[in-house]
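S.K.: sharing a model prediction with you, sequence too.
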Amino acid sequence: MKIEYYLVLEALASGTPPGRISKMLDMEPHDVEAIINTLQERGYVERKGARYVLTEAGRKALEEWREQARRELGDAAELRRAGREAEAWQILERWLPALPILVGLGVVSLALWKLLTA
């Protein structure tokens, strides 16, 4: 799944409404709605009144994604410490657009972010 899908899933998990998600992620509202529709089709999200909530499958997918982010970014940090910048950058490129949000949500520590982006 694309990183944008996971970022929308993260935001929905915290109760953020779609309009605010579009501003937070700097996306067009119709793009956020399209992602939410896809997440609903995949069984990750369901609508409860005016809110969207994660299903059990959505919570599981989100936790797996968080673990993958922590693992891969930790690997990138280790590669940087070892002076293997090119390899670290290959990993970091994938996560860079999401890194500030991952830090803000507490998925990734600020110390790790500083190490990765120094």
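M.R.: Okay, I see it.
S.K.: list the contacts of residue 103.
M.R.: By Cβ atoms under 8 Å, 6 or more residues apart in numbering, residue 103 lies in contact with 109, 110, 113. In short, each C-beta sits where N, CA and C put it, glycine included.
S.K.: can you tell me the element the residue nearest to the first one when sequence neighbours are not counted falls in?
M.R.: Leaving out its chain neighbours, the residue that sits closest to residue 109 by Cβ to Cβ, 6 or more residues apart in numbering is residue 103, at 7.3 Å. According to DSSP states H and E, residue 103 maps onto helix 99-104.
S.K.: and that helix, which residues are buried?
M.R.: Neighbour-count burial for helix 99-104 flags 99, 101, 102, 103 (criterion: 16 or more other Cβ atoms under 10 Å).
S.K.: average pLDDT across it?
M.R.: Per-residue pLDDT over helix 99-104 has a mean of 81.
S.K.: dump the residue contacts of residue 29.
M.R.: Residue 29 makes contacts with 18, 19, 22, as judged by Cβ under 8 Å, 6+ apart.
S.K.: am I right that the second one is in a strand?
M.R.: Going back to what we said before, that points to residue 19. No: counting by DSSP: H, G, I helix; E, B strand; the rest coil, one finds residue 19 to be helix, located in no strand.
S.K.: contacts for the lowest-mean-pLDDT helix or strand in the chain?
M.R.: The least trusted helix or strand in the chain, going by mean pLDDT, DSSP states H and E, turns out to be helix 110-117, with a mean of 74. By Cβ under 8 Å, 6+ apart, the list of residues contacting helix 110-117 from outside reads 73, 74, 76, 77, 80, 81, 88, 92, 99, 100, 103.
S.K.: neighbours around residue 67, how many?
M.R.: Per other Cβ atoms under 10 Å, the neighbour tally for residue 67 reads 11.
S.K.: could you check the pLDDT of it?
M.R.: We have a pLDDT of 92 for residue 67.
S.K.: and residue 18, how far from residue 41?
M.R.: As for residue 18, its distance to residue 41 is 16 Å (criterion: Cβ to Cβ, to the nearest Å).
S.K.: please say which of the two ends up with more neighbours.
M.R.: Between residue 18 and residue 41, counted using other Cβ under 10 Å, residue 18 has the larger neighbour count: 17 against 9.
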